[in-house]
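K.L.:
Below are the sequence and a predicted model; questions follow.
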Amino acid sequence: MTEKRLMSGNEAMAEAAIRAGCRCYFGYPITPQNEVTAYMARRMPEAGGVFIQSESELAAINMVLGASAAGCRSMTSSSSPGISLKQEGISYIAAMELPAVIANIMRGGPGLGNIAPSQSDYFQAVKGGGHGDYRQIVLGPSTVQELVDLTVCSFDLADEYRMPVVILGDGLLGQMMEPVSMPGMRHVEIKEEEWVLSGCRGRAPRLLRSLILDPGDLAAHNLHLQEKYRRVAAREVRFESVFTDDAELIVVAYGTPARVCRAAVAACREKGIRAGLIRPITLWPFPREEISRLASQASHILVVEMSHGQMVEDVLLSAEFRVPVSFFGKAGGLTFHIDEVIRKMEKTNQKSKIKNQKAKSKKQKHKSKP
Amino acid sequence: MEIIYERPESLKDVRTHYCAGCGHGVVHRILAEIVDELGIREKTVVIAPVGCAVLAYDYFNFDVCEAPHGRTPAVATGMKRVRPSNVIISYQGDGDLAAIGMAEIIHAANRGERITVVFVNNGLYGMTGGQMAPTTLIGQRTATTPMGRDFRECGQPIKVCELLSQFEGVVYAARCAITGPGNIIKGKKMLKKALSIQLADLGFSIVEFLSACPTHWKLTPREAVQYIEEKMVPCFPTGVIKDTIK
Ligand SMILES: Cc1ncc(C[n+]2csc(CCOP(=O)(O)OP(=O)(O)O)c2C)c(N)n1
């Protein structure tokens, strides 16, 4: 590891992408991720790669499609409104089984919203914002160092599974500066694999398409994609747990709010509340099994998000209603203060205690009946 | 015995799905012949559009990539930048290029991308049932202009080659009519020049083919050819519109 440098999340992500062998970047300016585009404009030519400021996000994602079809590690980045425009292209990329990395440094929505941090694009990223039955791997870093590490990882995952990988960060992560150690520069060749379009010298012509008119054939293609997604779900789940072993109150949070929650959990421990934190790192595939397991151990789950309740739906599905799930969220660019999270945790803990006592005394009453 | 006519190697030995009298088949044939003549089959990649030519990959005997509707020039840009020694051809219809994909074509042209555009102008949307395209003639009846195109409602037909000729990055723009053998040979010469420009790395080149759609024009193939000559050519003059390396 090299020595640490102080970098903004956006610039660190751009540098990490180049070090991971990304040699094509296409982007359109939008706050709060403009530093990525500007950094790539300067750095990509130095690295011998391609930078284009595209005419729109539509063009950018389709340039990624073309560059990826030609075998190059390729990336685009944007923020919420621009990511909406990319959805058509992402659906095609998923259908055509091309690797691609897409970073969304989320801002407040809906509509033009604002340029403050948000996590309101979780549904779009995790449930598939474009048309058709497809999935994308979604990574939710919470520190600039993790953003760097996951950026490198995203290119490997995209290549391994030939599918879109989304780095889902919030505006805070993109803008904040933290010390990071960068990985070394990796030399990645332009791919010459059996699906890459490079001209048919010495081989049969190849085709990359998503149009499959025959319903039986398209059904088979869909099953093939689903099989791949199952493989990803079985192998690529990542999460971090903090104090969950004996926790009665489990907090679930990702991205920068997870940092506040981590501190709040530690503070609650000192107050004698047996709290723990689960921080999903892959938002798809979601750490469903772990949350399901904890649902049978804990007495309450609290989900904290910079949205009005998106990841909480996945937590509910994972917990299968075996334990009460509370939600604490805000959207529009407001972030969390540790004190309000602690208060919310205390309240939640209190509620579940009262409920447990009531349940106990009810049981006893039943027992005492003749 | 001397062979004077045969199937180009660049064209697969299959039947196409194109309707009788459709221009796409002729344009495919011309393109395939030129690719053979220039000896570039093994480095050519065609980006197929969304439109009647979406199945072009079933007919061309070289690499083909599909693109979302109108995004063909963006996909071509990504490919060409990664592999500059490949010959990248963006094959597009008039709805694909001049309506939904207008931004992509203008900016690819303005950047002077080293790609060649094969632009098939049949004056309407063939694949979806003959709706108005930006190139539909004034007064022309289509599925969505049942009373004929009214310029105050729908604007004037867009002259793509003239429009793109304004950009310095565009080295060559030409238009021909797929009518008789004479015009088809002219069109072939134009496309050969356009591809040579890409091979010489000089800039963006486009050839527009005025092409019949008898099915949706509701004409016989013979009448459709007449229609191109009498109605389309006066609106879309044929010939070389821009050539900076004459
Ligand atoms: C985003 C999107 N919108 C609409 C369509 C439906 N669609 C398919 S082909 C087409 C028009 C094609 O017309 P043109 O480009 O003129 O080509 P032609 O079929 O006439 O050769 C349309 C609108 C689509 N596939 N994707």
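P.N.:
That came in fine, so what should we check first? Everything numeric in this text was worked out from a predicted model, so none of it was measured. Residues are numbered from 1 along each chain as shown, chains lettered A, B, ... in the order given.
K.L.:
So for the residue in the stretch 151-300 of chain A positioned nearest to the ligand, what's the pLDDT?
P.N.:
Residue nearest to the ligand within the stretch 151-300 of chain A: residue A:211 (9.1 Å; C-beta to the nearest ligand atom). All C-beta spots, glycine's among them, are computed from the backbone N, C-alpha and C. For residue A:211, the pLDDT comes out at 96.
K.L.:
Tell me how many other residues surround it.
P.N.:
Neighbour count of residue A:211, defined by other C-beta atoms under 10 Å in any protein chain shown: 12.
K.L.:
wait, is it part of a helix?
P.N.:
No. Residue A:211 sits outside any helix when classified using DSSP: H, G, I helix; E, B strand; the rest coil, being coil.
K.L.:
where in the chain is pLDDT low?
P.N.:
Going with chain A. Low-confidence segments of chain A, defined by pLDDT under 70: A:1-2, A:365-370.
K.L.:
can we see that at 50?
P.N.:
For chain A, the stretches flagged by pLDDT under 50 are A:370.
K.L.:
Work out which residue lies at the spatial centre of it.
P.N.:
residue A:139 (3.0 Å; C-alpha atoms, centre = their mean).
K.L.:
That residue bridge partners, please.
P.N.:
Counting by DSSP bridges, residue A:139 is bridged to residue A:167, residue A:282.
K.L.:
residue boundaries of the helices in the stretch 151-300 of chain A?
P.N.:
Assigned by DSSP state H, counting those that start in this stretch, the helices in the stretch 151-300 of chain A fall at A:171-175, A:215-235, A:255-270, A:288-297.
K.L.:
what about stretch B:190-207, start to end distance?
P.N.:
Taking C-alpha to C-alpha, to the nearest Å, stretch B:190-207 runs 7 Å from one end to the other.
K.L.:
just stretch A:3-12 next, same as before
P.N.:
By C-alpha to C-alpha, one end of stretch A:3-12 lies 14 Å from the other end.
K.L.:
Which positions in it come out as buried?
P.N.:
Neighbour-count burial for stretch A:3-12, counted by 16 or more other C-beta atoms under 10 Å in any protein chain shown, picks out A:7-12.
K.L.:
Those in helices, which ones?
P.N.:
A:9-12 (DSSP state H).
K.L.:
Which residue is the nearest non-sequential neighbour of residue 29?
P.N.:
No chain in the question, so chain A it is. residue A:37 (5.6 Å; C-beta to C-beta, 6 or more residues apart in numbering or on different chains).
K.L.:
My question was about chain B, not that one.
P.N.:
Nearest to residue B:29 is residue B:11, by C-beta to C-beta, 6+ apart, at 6.6 Å.
K.L.:
which ones are touching the residue of chain B at minimum distance from chain A?
P.N.:
When scored by C-beta to the nearest C-beta, chain B has residue B:78 as its residue closest to chain A, at 2.7 Å. Counting by C-beta atoms under 8 Å, 6 or more residues apart in numbering or on different chains, residue B:78 touches A:24, A:26, A:62-70, A:74.
K.L.:
got a pLDDT number for it?
P.N.:
Per-residue pLDDT puts residue B:78 at 98.
K.L.:
tell me the contacts of the closest residue to it other than its chain neighbours?
P.N.:
Nearest non-adjacent residue to residue B:78, counting by C-beta to C-beta, 6+ apart: residue A:66, 2.7 Å away. Counting by C-beta under 8 Å, 6+ apart, residue A:66 touches B:47, B:65, B:67, B:74-80, B:82.
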